[in-house]
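Engineer: need a structure here:
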Amino acid sequence: MDGILGIILFLVIGAIIGWIAGMIMKSSNGIIVNIILGIVGGFVGGFLAGLIGIGGGLIVQILISIGGACLVIFVVRLIRGK
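Structural biologist: Numbers count the residues shown, from 1 in each chain. Here you go, the predicted model:
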């Protein structure tokens, strides 16, 4: 049961991070796209932070995930040409 609850918690936090990143970036994507980008951004932010040796507690991890989600939204904008 812990595995399923962990996944659900991960998705909910990713959704909130995607929503926050969408607001920061003034994204015109829909809420569902921002949620998906938030989840992907969490992975990207965590990966990049790990490469450069940044880590910390929950607040730091949330900020890293928001930064990753903003980066993903930026890259999507570049690809789309907007």
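Engineer: which element is residue 19 on?
Structural biologist: Assigned by DSSP states H and E, residue 19 falls within helix 2-24.
Engineer: give me the contact list for that helix.
Structural biologist: 27, 29, 31, 34-39, 41-42, 62, 65-66, 69-70, 72-73 (CB atoms under 8 Å, 6 or more residues apart in numbering). C-beta coordinates here come from the backbone N, C-alpha and C atoms, glycine included.
Engineer: got it, and stretch 29-38?
Structural biologist: By CB under 8 Å, 6+ apart, stretch 29-38 touches 14-22, 27, 65, 69, 72-73, 76.
Engineer: and the least confident of those residues?
Structural biologist: Here the lowest pLDDT out of those sits on residue 27, with 80.
Engineer: residue contacts, that one?
Structural biologist: In this structure, residue 27 makes contact with 21, 33-34, 37, 73, judged by CB under 8 Å, 6+ apart.
Engineer: keep only those of these that are in helices.
Structural biologist: Taking DSSP state H, the ones among these that sit in helices are 21, 33-34, 37, 73.
Engineer: filter those residues down to the buried ones.
Structural biologist: For the ones in helices among the contacts of residue 27, a burial check counting by 16 or more other CB atoms under 10 Å picks out 21, 34, 37, 73.
Engineer: for the last one, which non-adjacent residue is spatially closest?
Structural biologist: The spatial neighbour of residue 73 that comes closest, neighbours along the chain excluded (CB to CB, 6 or more residues apart in numbering), is residue 25 at 4.6 Å.
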